[in-house]
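S.K.: need coordinates for the below:
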Amino acid sequence: MEIILKQDIANLGQKDEIIKVRDGYAMNFLIPKGMATMATPSARKQLTELQKQRAHKEARVRMEAVALAEQLNGKELTIGAKTSTTGKIFGSVNTIQIAEALSKKGFEIDRKKIMIKEDHIKEVGKYSATIKLYKDIIVEIPFEVVSE
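M.R.: Modelled structure (predicted):
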């Protein structure tokens, strides 16, 4: 029996993939649990339309990410932090502060997309952050931590 998977299933297939499985496995396990549907002609037609829409939307999102990456290239950030006389920061610099510095420059980027190579930034100096805008579109942003 041919079915269309509604979610990724290990050792079986990916979401929206049409696969062939045994009738009992499909009727007694996959379909009742909502993991798959039967691959009827109407379901196949619906799947192809859905895939076309996703491809169109994905292309638009990718173009927006490329445009944002071009705008971010060459930008540098300065992040102020309270420090001791020796240059140690009280607390640490994290992705939230980097996202706030980017928003002050006019770039609204979710902090979850920002990664810092160092575990904890606890000293004044120059560092680098990686922003993952899309699956394969990654931008390096240098930033400097200065004493306030």
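
S.K.: doesn't K57 fall inside a strand?
M.R.: No. K57: not assigned to a strand; according to DSSP: H, G, I helix; E, B strand; the rest coil it is helix.

S.K.: neighbours of it, just the number please.
M.R.: Neighbours of K57 under the rule other CB atoms under 10 Å: 10. (Each C-beta comes from the backbone N, C-alpha and C, glycine too.)

S.K.: for it, give me the pLDDT.
M.R.: K57 carries a pLDDT value of 94.

S.K.: cool, E148 as well?
M.R.: For E148, the predicted pLDDT is 83.

S.K.: which residue is the nearest non-sequential neighbour of it?
M.R.: Excluding its sequence neighbours, the residue lying closest to E148 (CB to CB, 6 or more residues apart in numbering) is G80, at 4.1 Å.

S.K.: distance-wise, check the residue sitting furthest away from the middle of the chain relative to S92.
M.R.: Each residue of the chain has a distance to the centre, and by CA atoms, centre = their mean the biggest one is for T85: 38.8 Å. T85 sits 18 Å away from S92, taking CB to CB, to the nearest Å as the criterion.

S.K.: tell me, how many residues neighbour the residue nearest to E148?
M.R.: By other CB under 10 Å, neighbour count at G80 equals 14.

S.K.: also L30?
M.R.: Under the criterion other CB under 10 Å, the count of neighbours that L30 has is 21.

S.K.: can you start the count at 49 instead of 1 from here on
M.R.: With 49 as the first residue, the last one maps to L78.

S.K.: confirm for me that it is in contact with R70.
M.R.: No. Using CB atoms under 8 Å, L78 makes no contact with R70, being 10.2 Å away.

S.K.: phi and psi next, for the residue nearest to E196.
M.R.: With angles defined as degrees, to the nearest 10, G128 sits at phi -90, psi 140.

S.K.: and the residue farthest from the centre of the chain, that's in a helix?
M.R.: No. Remark: T133 does not belong to a helix; assigned using three-state DSSP, it is coil.
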